[in-house]
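Undergrad: Can you look at this prediction? I've put the sequence above it.
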Amino acid sequence: MARLEGIKACVFDAYGTLFDVHAPVKRLAAEIGPKADELTRIWRQKQLEYTWLRSLMGVHSDFWKVTSEALEYALAFEGIDDPGLKDELMVLYLKLDPYPDVADALKALRARGMRLAILSNGSPSMLDSAVRHGGLDKTFEHVLSVEDVGIYKPSRRVYRLAMQKLAIHDAPSICFVSANPWDAQGAAQFGFQSVRIDRFGLKDENIPGKPAALIPSLAELAGLV
Ligand code: LAC
């Protein structure tokens, strides 16, 4: 695969890219039973939809509230009335497991002197917790939250925040990495060189923005930049 030219920093999406958003329901799958798979899928889908809807409505709330409201929807959809379970799942959301390829991939990039950052919908405290739990607290130069701009991805204001904080003035010098197709495409449309990690076997969305590369896992990233 062709290398990406001129990359000065790699900026990572967090949820679904570095951290496994399905880990909380997987952890409690025995307790939840046969509805577990659908519950976690709907939870994630609603969480994303609510970020987009709130951004269009101009009514921002942070990702903790959005995640909680999405979980309430998903539990109600599945006919599960168990406030204790809801609280337990939310607590587990603060301690998501990193995907198995994350630690080595970031180490390889750091060894090459690459500047690294996170740019996520997550609130600062959620991100801080996930990064610490994953043992990644010394890895990133910046852990950036949309709370700085008060709107969610794929707003251009969010991607611009990474350029401002990294003091990088030409968008194509940033390699943006996401396993969420719409996020990889939003970043590409903004002007980043975008790499999609194929964690979920998904196709590109029929929206503007074309990632520069699609790779099976983060292990292939260091060879690209
Ligand atoms: C994030 C969402 C897209 O971390 O998963 O920004």
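TA: Thanks, I have the structure now.
Undergrad: any idea how far residue 182 lies from residue 81?
TA: The gap separating residue 182 from residue 81 is 32 Å, by C-beta to C-beta, to the nearest Å. Yep, even glycine has a C-beta here, placed from its N, CA and C like the rest.
Undergrad: These two - which one has more neighbours?
TA: Shown here are residue 182 and residue 81; by other C-beta atoms under 10 Å, residue 182 has more neighbours (17 against 9).
Undergrad: To which secondary structure element is the more buried one assigned?
TA: helix 181-190 (DSSP states H and E).
Undergrad: contacts for that helix?
TA: Residues from elsewhere that reach helix 181-190 (C-beta atoms under 8 Å, 6 or more residues apart in numbering): 13, 48, 153-154, 156, 159-160, 171, 176-178, 194-196, 202-205, 207-212.
Undergrad: cutoff 7 Å now
TA: 13, 153-154, 156, 159, 171, 176, 178, 194, 196, 202, 204-205, 207-211 (C-beta atoms under 7 Å, 6 or more residues apart in numbering).
Undergrad: helices or strands next to whatever helix or strand comes next after it in the packing?
TA: With elements assigned by DSSP H and E, the helix or strand that comes after helix 181-190 is strand 193-197. Where contact means 3 or more C-beta pairs under 7 Å, 6 or more residues apart in numbering; DSSP states H and E, strand 193-197 is packed against strand 174-178, helix 181-190, strand 213-215.
Undergrad: so which of those gets nearest the ligand?
TA: Closest to the ligand of the helices and strands packed on strand 193-197 is helix 181-190 (C-beta to the nearest ligand atom; 5.0 Å).
Undergrad: From the contacts of helix 181-190, keep the buried residues only.
TA: Those of the contacts of helix 181-190 that meet the buried threshold are 13, 153, 154, 159, 171, 176, 178, 194, 196, 209, 211, by 16 or more other C-beta atoms under 10 Å.
Undergrad: now those residues in CSV, with pLDDT and distance to the ligand?
TA: As requested, the buried ones among the contacts of helix 181-190 are exported to CSV (pLDDT from 0 to 100; distance: C-beta to the nearest ligand atom, whole Å):
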residue, pLDDT, distance to the ligand
13, 98, 5
153, 98, 6
154, 98, 9
159, 98, 11
171, 98, 18
176, 98, 11
178, 98, 7
194, 98, 13
196, 98, 13
209, 98, 14
211, 98, 15
